[in-house]
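# How does the following fold in three dimensions:
(one chain, ligands or ions: 2)
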Amino acid sequence: MTPWRPSWKDSLLRAVQQTSDSVTFARAWMQWEPHEGQRRWLLAPRRSTAVLVTGRRWGKDETETVRTLHEAVFQPRSRHLFASVTLDQARIPFDLCVEHIYRQPLLEALLDGKPRESPFPLIKFKHGALITARSTAREGVYIRGHKFHRAVVTEADYVSEQTINEAIRFTLADYGGQLVLQTTPRNRSGLVYREFWRGLAGDPAVYAQTGPTWENPHVNHEYLRSLRDSMTASAWQREVEGVYADDDTAVFRWADIQAAYAEADWSWPEPPPEEPAKRRGKRYVQGVDLAKSQDWTVHAVLDATSRPYRLVFFERYQRRPWPTVAARIREIHQQYSCHQTLIDATGVGDAVLDEVRDVAQGYVFTQRSKLDLLTNLQVGLEKREVRFPFVRELVDELQGYAWEDKNLVTDCVMGLALSVWAAGPRWAVQYAPSIW
Ligand SMILES: Nc1ncnc2c1ncn2[C@@H]1O[C@H](COP(=O)(O)OP(=O)(O)OP(=O)(O)O)[C@@H](O)[C@H]1O
Ligand SMILES: [Mg+2]
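Ligands and ions are numbered 1, 2, ... in the order given. Next up, the predicted model:
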């Protein structure tokens, strides 16, 4: 590649840059109009750390797409990173960038070849700027050793403090780059929370902004309001109001949940590496929570050969007829030669259990047995005896779970709890007999 030399076009771009902020850029180059909260964020003074904490669907990824494209287009040879707890999560703004580029001939003309997929997603521009997306998995091994002008950590509260400090921050050292942390609030004892408060307290190195989902006029507010009954008060505060909430009702501690996925050595939905070859001599158990009316059926398979138990298989689906669900339970049971398959045999579960009695046992939920099941999971997490890959639905359900769960979505929690119980209950509790 010939070394990059500024041409008249670059000079023109520079000139445009001087008159253009991200909002002007978004309007002129992308025909994209920010909502009020996004406008404030995009026009905020540039600080070495910027923290955006909002409700779900606020438009965080859209906003970071705009800002990143703006900087990549106007800053030759600048390097931009999207990082998150999984590659899928990091890819959301990356894919939005690709979409926007192909929608705008002017942006497309700047591309240096097609965006690449492997080994990592990569967009290269003719003037040398690049945008990539990486997962923060395995303590940031895919990020360490690189250098960037700007690193955007999306859903940063899921990422460990150590990875942000020891892997991501150092990639910014060469250029004195900017660290952007955006997230729906999760963790009051984490780095994002502290940086957020530093920003609000007036630290000149940090810009902090918060906003409820209501700021985004492009989501259905009526639908949002309808979710209120199916969430705990603190989940509502976090997910919609975008506020760090006290978790008085939480059953599972955030630190325990985070420890469980931070140590996992495979990422969902990819199967664990070489798993079938390694299955011989292992002890697997399956837990299944069955969908009631419109919720989800969840299968969770643990490798329970030794502690910590590892979640090696996870599946979640909706609206399948009972015979199909029964067939799936049997299929997974056989695939893993499960030592035990335990299914929720309450109510409709009975019908399914009838079809799989030869391979599965039923767990009848009573007030007492449910308490035992969940306490068993709680203790297992506290003692770091359970590990699972990052599955957002599972992680969020665990965090949002409360003892008063009548209106909550709990399928992932129950599926996992049943599998942990099947691995070996801590206490002898009556289950199954009532239905045999
Ligand atoms: N300025 C905008 N103009 C039009 N649509 C927008 C705008 N900002 C956000 N949206 C839309 O709002 C929805 C949420 O946006 P986005 O995915 O960026 O939010 P998020 O905060 O990252 O959400 P999540 O919490 O699910 O990660 C999307 O459908 C997106 O297209
Ligand atoms: Mg998002």
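
# pLDDT of whichever strand or helix holds Asp61, averaged?
According to DSSP states H and E, Asp61 maps onto helix 60-74. For helix 60-74, mean pLDDT is 96.

# residues making contact with it?
Outside of helix 60-74, the residues within contact range by Cβ atoms under 8 Å, 6 or more residues apart in numbering are 13-14, 16-17, 20, 22, 25-26, 29-30, 32, 34, 38, 41-42, 52, 54, 78, 80, 82, 92-93, 96-97, 100-101, 107, 110, 123, 125, 129-131, 149-150, 152, 154, 180, 182-183. From N, CA and C alone the C-beta is placed, and that goes for glycine too.

# Which ones, among these, also lie beside ligand 1?
By Cβ under 6 Å from any ligand atom, the members of the contacts of helix 60-74 lying near ligand 1 are 34, 38.

# of the contacts of helix 60-74, buried ones?
With neighbours counted by 16 or more other Cβ atoms under 10 Å, the contacts of helix 60-74 contain buried members at 13, 20, 22, 25-26, 29-30, 32, 34, 38, 41-42, 52, 54, 78, 80, 82, 92-93, 96-97, 100-101, 107, 110, 123, 125, 129-131, 149-150, 152, 154, 180, 182-183.

# still on that earlier bit, can you tell me if the helix holding Asp61 touches ligand 1.
Yes - under the criterion of Cβ under 6 Å from any ligand atom, ligand 1 is reached by helix 60-74 at 60-62.

# need the next SSE after that helix, C-terminal direction.
strand 79-84.

# just checking, what packs against that next one?
Applying 3 or more Cβ pairs under 8 Å, 6 or more residues apart in numbering; DSSP states H and E, one finds that strand 79-84 makes contact with helix 60-74, helix 87-103, strand 130-135, strand 150-154.

# let's go with 10 Å and repeat that
helix 60-74, helix 87-103, strand 130-135, strand 150-154, helix 169-171, strand 178-183 (3 or more Cβ pairs under 10 Å, 6 or more residues apart in numbering; DSSP states H and E).

# what distance separates stretch 337-356 from the centre of its chain?
30 Å (Cα atoms, centre = their mean, to the nearest Å).

# Look up the pLDDT of the most centrally placed residue in the chain for me, please.
Centrality entry for the chain: nearest residue to the mean C-alpha point is Arg392, 4.4 Å, by Cα atoms, centre = their mean. As predicted, Arg392 sits at a pLDDT of 92.

# sorry, back to before: buried residues in the helix holding Asp61?
Those would be 60-74, for helix 60-74 by 16+ other Cβ under 10 Å.

# do stretch 396-414 and ligand 1 meet at all?
No - Stretch 396-414 stays clear of ligand 1 (Cβ under 6 Å from any ligand atom), getting no nearer than 10.7 Å.

# Rounded mean pLDDT for that stretch, please.
In this model, stretch 396-414 has an average pLDDT of 92.

# Please list the residues of the stretch 101-250 of the chain that sit near ligand 1.
Applying Cβ under 6 Å from any ligand atom, one finds that the stretch 101-250 of the chain approaches ligand 1 through 184, 216, 218-219.

# show me the contacts for the closest residue to Asn216 other than its chain neighbours.
Leaving aside its sequence neighbours, Asn216 sits nearest to Gly59 (Cβ to Cβ, 6 or more residues apart in numbering; 4.9 Å). The contact partners of Gly59, taken as Cβ atoms under 10 Å, 6 or more residues apart in numbering, are 34-35, 37-38, 41, 65-66, 211, 213, 215-219.

# switch to 7 Å and redo it
Neighbour list for Gly59: 35, 38, 216 [criterion: Cβ atoms under 7 Å, 6 or more residues apart in numbering].

# Closest one of the residues you listed to Thr163?
For the contacts of Gly59, the closest approach to Thr163 (Cβ to Cβ) belongs to Gln38, at 27.1 Å.

# SS state for the closest one?
helix (DSSP: H, G, I helix; E, B strand; the rest coil).

# I'd like to know how far it sits from Lys126.
Distance, Gln38 to Lys126, by Cβ to Cβ, to the nearest Å: 28 Å.
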